[in-house]
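Undergrad: Got a predicted model here, sequence first, then my questions.
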Amino acid sequence: MTIRTLSTICLVLLMLVLPACTSKQKPKTGEQISAEEMAGSRPNIIFIMADDLGYGDLGCYGQEKIKSPNIDQLAADGLRFTQTYAGCTVCAPSRSVLMTGQHTGHTRVRGNFCHVGGTLGYKNNNPRRRLNLFDEDTTVAHVLGAAGYRTCLSGKWHIGGYNPDAGPLQRGFDEFYGPLTLTSALHSPSYWPPKWYDNEELIGILQDRPDYGLCDQVHGKEPGKPVFPVYRIQQPPQPLRCT
């Protein structure tokens with residue numbers, strides 16, 4: 001089975017590295033930044049992740065029919081990975097692998113559902129159990145936060161199960177904007193329509209959300225801090241919702 005044929009794939013599109021500074025000078029490319037400069041500057045890290053996007057679906061990886069000029073420019077100015085594999089074939093364990101740095105034999109969440117343990121909730125009115133990252137699980141957001149980064153997640157978390165105490169804000173992120181499935185009294189822990197949150201505030205039950213928004217304030221809240229914004233996009237498996 002190739003990456004293109006995986007039923008659900010969480011593929012890291014690219015990781016853009018820029019100098020963390022307030023200068024208006026043009027950012028250096030990856031080839032121009034020395035190891036000493038990288039260590040001293042603590043670069044900003046932009047992490048873009050998409051479900052169901054194949055390796056060759058972007059211009060920077062050879063696509064000639066679908067235009068992706070902005071992402072192609074990010075790849076040209078940043079770093080482009082050519083030997084990266086999804087941690088798993090479905091959403092939750094792929095995210096768990098990427099957040100913890102552990103493969104599916106060690107990471108906490110190893111499937112979208114579990115038969116025992118986890119938290120009981122519902123999908124399409126059918127009872128389902130989902131596992132979540134535990135308090136003792138270290139995420140990349142924890143590590144970068146301890147190193148002085150401001151962290152933000154925009155989009156689908158999907159490794160909190162139905163546990164209201166296992167969201168991104170409890171697992172290392174400073175800010176969050178996106179859908180969650182929780183067992184709070186505010187709503188049923190079903191998957192549709194999505195329940196959207198701005199940090200801990202339920203902002204609406206939105207059936208048609210064209211984008212996931214961005215953590216626009218991540219720079220302004222703590223000027224001078226390097227940032228780690230994570231953008232998780234679901235348009236590839238939902239093409240009719242693209243704008």
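TA: Cool, got the structure. Numbers count the residues shown, from 1 in each chain.
Undergrad: Do me a favour and average the pLDDT over stretch 151-171.
TA: Mean pLDDT, computed over stretch 151-171, is 91.
Undergrad: which parts of it are buried?
TA: For stretch 151-171, burial by neighbour count (16 or more other Cβ atoms under 10 Å) applies to 151-164, 166-171. For the C-beta atoms, the positions are set from N, CA and C on the backbone; glycine is no exception.
Undergrad: Helices of the chain, residue ranges please.
TA: 35-41, 69-77, 91-100, 140-146 (DSSP state H).
Undergrad: which of the ones you listed is buried the deepest?
TA: A comparison of the helices of the chain by mean neighbour count, using mean count of other Cβ atoms under 10 Å, puts helix 91-100 on top with a mean of 24.
Undergrad: Which elements pack onto that one?
TA: In terms of contacts (3 or more Cβ pairs under 8 Å, 6 or more residues apart in numbering; DSSP states H and E), helix 91-100 is packed against strand 10-18, strand 44-51, helix 140-146.
Undergrad: between that helix and strand 44-51, how many degrees?
TA: Here the directions of helix 91-100 and strand 44-51 differ by 160 degrees (axes from the mean of the first three to the mean of the last three Cα atoms, to 10 degrees).
Undergrad: Please enumerate the strands of this protein.
TA: In the chain, the strands defined using DSSP state E lie at 10-18, 44-51, 119-123, 126-130, 150-154, 175-179, 195-198, 201-205, 227-233.
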